[in-house]
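Colleague: have a look at this fold, sequence not included:
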């Protein structure tokens, strides 16, 4: 563990040229590019097929909304990660840099939802049947509510409400889609697509169960939750847990120990739900769905990587550090690590990362994480940096490095 207090400030490399740097702007990240791509494809379809018949409008609406749902399905997400990370490390770094942005797939969800709602609105104006008209405008109103509350200003400030509206609104919308499809006699293809979407939505809930959990609380800030109910998830995946399955779900990174059954979750105090969890220490919780690949799974695209974490961000990094599938170097800034997370966890980290930089913010203050990340990247000879932190610092590190020509990755908080 590095503890030197006399580290020299490292000079960052120069910014890349203007046109390339523009593409690294947050507004032009791959998430937004994918959403724009879906909308552009729909505009091209409209241009090529104008004027469109009523059945065509219905099929376009269903196709886009199916895309929006299916791209969020856990098995589809895992498949996307598997396809993206099949590329060998001998491929050009620019190609692997782009493939590493696979976790921006949510842009397809956004583009499909917006385009599908627009197609359905156009279809409603061409509907004359009273029953169909009632279902159509009910569905449009509901879609407007779901989309409106999913916009970042509402979602970030009222995430619990967003989650409930998205869940129950989505289920209700699916029922209305079935009603509309059956009333309009859309044909077998539409029914098959709708059946697939329905199965996709239901599948995670078919795996809902309540399981035992063993909790260790090294401090009032964090709990280490241990599960052993017959599931040993792959390193870098996440599991959703809840105490009230119809109300609120939270996903945490799975930390399986190599060669051992079960897994751990690191749960830090970050709001009302996690605070109550740490204070109450429940004996059982609900788990749902399929373990899902997280952003750090893109590490296999690179020969060496640097992990940058703050606080409980060490949780998603830890399974990759333990598995050691890719040579890595850790930079971890946190408050009083041994008091907060316990000696056992810190010793476990240092056993696999003896050269890690563990920055104690209670003793040394908050560091310049961009500079620390770059220094580790340079000294270790890494090809990429993966940052797991809060939203503000993640963007600061990712875009601070990418504007200087260094591949960098971090969560995008799109759910």
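Modeller: Received, thanks. Only a predicted model underlies this, so the values are computations on that prediction, with no experimental measurement involved.

Colleague: setting aside sequence neighbours, what's the nearest residue to residue 295?
Modeller: residue 103 (4.6 Å; C-beta to C-beta, 6 or more residues apart in numbering). No exception for glycine: its C-beta is placed from N, CA and C like everyone else's.

Colleague: list the contacts of that neighbour.
Modeller: Contact analysis of residue 103 by C-beta atoms under 8 Å, 6 or more residues apart in numbering lists 81, 294, 295, 298, 409, 411, 412.

Colleague: longest strand in the chain, by number of residues?
Modeller: When the chain is scanned for its longest strand (criterion: DSSP state E), the result is strand 284-293.

Colleague: ok, and for it, which residues are buried?
Modeller: Using 16 or more other C-beta atoms under 10 Å as the burial criterion, the residues of strand 284-293 that qualify are 285, 286, 287, 288, 289, 290, 291, 292, 293.

Colleague: can you put those in TSV and add distance to residue 245 and pLDDT?
Modeller: As requested, the buried residues of strand 284-293 are exported to TSV (distance: C-beta to C-beta, whole Å; pLDDT from 0 to 100):
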residue	distance to residue 245	pLDDT
285	10	96
286	5	96
287	9	93
288	7	87
289	11	74
290	16	86
291	17	90
292	17	92
293	23	93
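
Colleague: can you list these in a markdown table and add distance to residue 75?
Modeller: As requested, the buried residues of strand 284-293 are exported to a markdown table (distance: C-beta to C-beta, whole Å):
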| residue | distance to residue 75 |
| --- | --- |
| 285 | 23 |
| 286 | 20 |
| 287 | 17 |
| 288 | 14 |
| 289 | 10 |
| 290 | 6 |
| 291 | 11 |
| 292 | 9 |
| 293 | 10 |
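
Colleague: distance from the chain centre to whichever strand or helix holds residue 134, please.
Modeller: Using DSSP states H and E, residue 134 sits within helix 130-150. Averaged C-alpha coordinates place helix 130-150 at 27 Å from its chain's average position (C-alpha atoms, centre = their mean, to the nearest Å).

Colleague: tell me the first helix or strand C-terminal of that helix.
Modeller: Later in the chain than helix 130-150, the nearest helix or strand by DSSP H and E is helix 152-157.

Colleague: hmm, back to that, counting contacts, what elements does the longest strand of the chain pack onto?
Modeller: If you count contacts as 3 or more C-beta pairs under 8 Å, 6 or more residues apart in numbering; DSSP states H and E, strand 284-293 packs onto helix 74-84, helix 188-206, strand 209-212, strand 237-244.

Colleague: just give me the neighbour total for residue 92.
Modeller: 9 (other C-beta atoms under 10 Å).

Colleague: you'd agree residue 180 is in a strand?
Modeller: No. If the criterion is DSSP: H, G, I helix; E, B strand; the rest coil, then residue 180 is helix and not within a strand.

Colleague: re earlier: tell me what the helix or strand that the longest strand of the chain is followed by is packed against?
Modeller: Next along the chain after strand 284-293, taking DSSP H and E as the criterion, comes strand 305-310. Secondary-structure packing of strand 305-310 (3+ C-beta pairs under 8 Å, 6+ apart): helix 314-323, strand 328-334, helix 369-380, strand 384-388.

Colleague: I am finished for the moment; much appreciated.
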